[in-house]
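Asker: Structure here, sequence nowhere to be found:
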């Protein structure tokens with residue numbers, strides 16, 4: 001459902017804008033989504049001091065203010081501002097960017113995911129997502145295990161930050177191929193779009209610095225051949241990231257008790273994904289790898305199959321990852337998760353679902369009682385506005 005906010009903008013224009021520069025001819029409309037999922041099951045934690053409840057309710061959603069205007073020369077100018085509906089911290093705005101689009105391709109300007117992230121493909125899904133971090137909402141890891149979003153511990157959708165303020169360019173699609181490039185001057189990681197030059201001086205005890213110079217390259221191919229649908233993606237990202245050696249995750253074998261001095265590390269992330277579709281069936285999977293000195297270093301992959309007929313989609317998906325929980329501890333944190341799910345479209349944009357999800361978290365320290373195992377049933381309702 002889209003609602004043009006013409007009445008409000010007309011009042012503002014009459015009272016204020018007429019005295020200044022002409023207003024852009026962009027009429028904002030409302031888009032977005034809302035998810036509500038109720039989970040019930042059993043979660044076993046080896047730590048005797050942790051006892052999880054057998055039921056859980058998870059909600060999230062966003063309201064998107066989206067609009068565009070196409071000039072006489074064929075170039076489209078637009079804006080996308082996404083308001084978080086269930087955000088608890090002070091940053092209530094998610095993505096917030098302008099875009100310019102034409103025969104030359106598309107340019108994004110502002111707080112948004114990088115090109116490689118946006119162009120990635122993964123295993124087909126239904127019900128509660130598996131390759132996105134949602135598993136932590138229903139079967140959470142222990143406090144000692146890594147579960148960083150946009151890193152391989154819980155996802156094959158990697159990025160050097162969280163909706164960083166950056167510039168991205170996407171070429172027109174040619175013979176099925178499209179290339180995307182992104183540059184972020186400052187890597188803030190908080191999702192609030194840093195707007196000032198990065199502090200790169202990490203020298204001296206107690207100094208802190210920012211991550212900086214994030215580059216992202218994505219390439220995908222989308223085409224249909226005699227009833228077969230093919231989608232292939234590959235991506236690379238790199239950035240100079242800030243690390244605090246006071247964090248135990250930054251400790252090394254040579255320096256198991258790090259000082260408070262900050263340092264930098266070069267982050268490298270690689271990803272690939274594939275979807276093949278025919279006659280209602282889709283099979284696919286993805287792989288991701290991160291090389292860094294952070295606790296997020298590791299690799300992950302997923303695979304799955306789905307079938308759609310009329311209003312029904314069923315899917316089975318598997319996800320596995322290994323990531324560095326602490327550089328000073330031998331071994332890696334591991335996650336193995338699987339699910340079967342069904343979607344049923346009740347009406348346009350209204351989808352109900354059922355999911356059975358299993359997950360097992362293994363801590364890298366085999367002597368610690370930090371392993372978690374659980375199985376839950378999840379009933380969901382999603383609205384796409």
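Answerer: Structure's in. What do you need? For clarity, every value in this text was computed on a predicted model and none was experimentally measured. Residues are numbered from 1 along each chain as shown.
Asker: Low-confidence ranges, the stretch 1-150 of the chain, go.
Answerer: 1-21, 47-49, 88-91 (pLDDT under 70).
Asker: hmm, 50 instead?
Answerer: 1-18 (pLDDT under 50).
Asker: For it, which segments count as strands?
Answerer: 29-45, 55-70, 76-84, 93-102, 105-111 (DSSP state E, counting those that start in this stretch).
Asker: how about the ones you listed, which one is nearest residue 340?
Answerer: Closest of those to residue 340 is strand 29-45, at 13.9 Å (criterion: CB to CB). The C-beta positions use only the backbone N, C-alpha and C, and glycine is treated the same way.
Asker: Give me the nearest residue to the spatially most central residue of the chain, chain neighbours excluded.
Answerer: In the chain, the C-alpha closest to the average C-alpha coordinate belongs to residue 150, at a distance of 5.3 Å (CA atoms, centre = their mean). The shortest distance from residue 150 to any non-neighbouring residue, by CB to CB, 6 or more residues apart in numbering, is to residue 159 (4.3 Å).
Asker: Ramachandran coordinates for residue 155?
Answerer: The phi and psi values for residue 155, taken as degrees, to the nearest 10, are phi -160, psi 150.
Asker: That one touches residue 133, doesn't it?
Answerer: Yes. Using CB atoms under 8 Å, residue 155 is in contact with residue 133, at 5.9 Å.
Asker: could you dump the strands of the stretch 1-150 of the chain to CSV with distance to residue 180 and mean neighbour count?
Answerer: Output for those, formatted as CSV (distance: least, CB to CB, whole Å; neighbours: other CB atoms under 10 Å):
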stretch, distance to residue 180, mean neighbour count
strand 29-45, 22, 17
strand 55-70, 19, 15
strand 76-84, 16, 18
strand 93-102, 13, 18
strand 105-111, 9, 19
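Asker: between those, which gets nearest to residue 299?
Answerer: With CB to CB, the closest approach to residue 299 among the strands of the stretch 1-150 of the chain belongs to strand 29-45: 25.3 Å.
Asker: which neighbours does that closest one have in its sheet, and in what orientation?
Answerer: Paired neighbours of strand 29-45 in the sheet (DSSP bridges): strand 55-70 (antiparallel), strand 372-384 (antiparallel).
Asker: higher neighbour count, residue 155 and residue 133?
Answerer: A count of neighbours by other CB atoms under 10 Å puts residue 155 above the other of residue 155 and residue 133, at 29 against 17.
Asker: who's in contact with that one?
Answerer: With CB atoms under 8 Å, 6 or more residues apart in numbering as the criterion, the residues that contact residue 155 are 131-133, 149, 288, 300.
Asker: still on that earlier bit, quick one: the strands of the stretch 1-150 of the chain as CSV, columns for distance to residue 164 too.
Answerer: Listed next are these as CSV, based on distance: least, CB to CB, whole Å:
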stretch, distance to residue 164
strand 29-45, 22
strand 55-70, 18
strand 76-84, 15
strand 93-102, 11
strand 105-111, 7
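Asker: All set, thanks.
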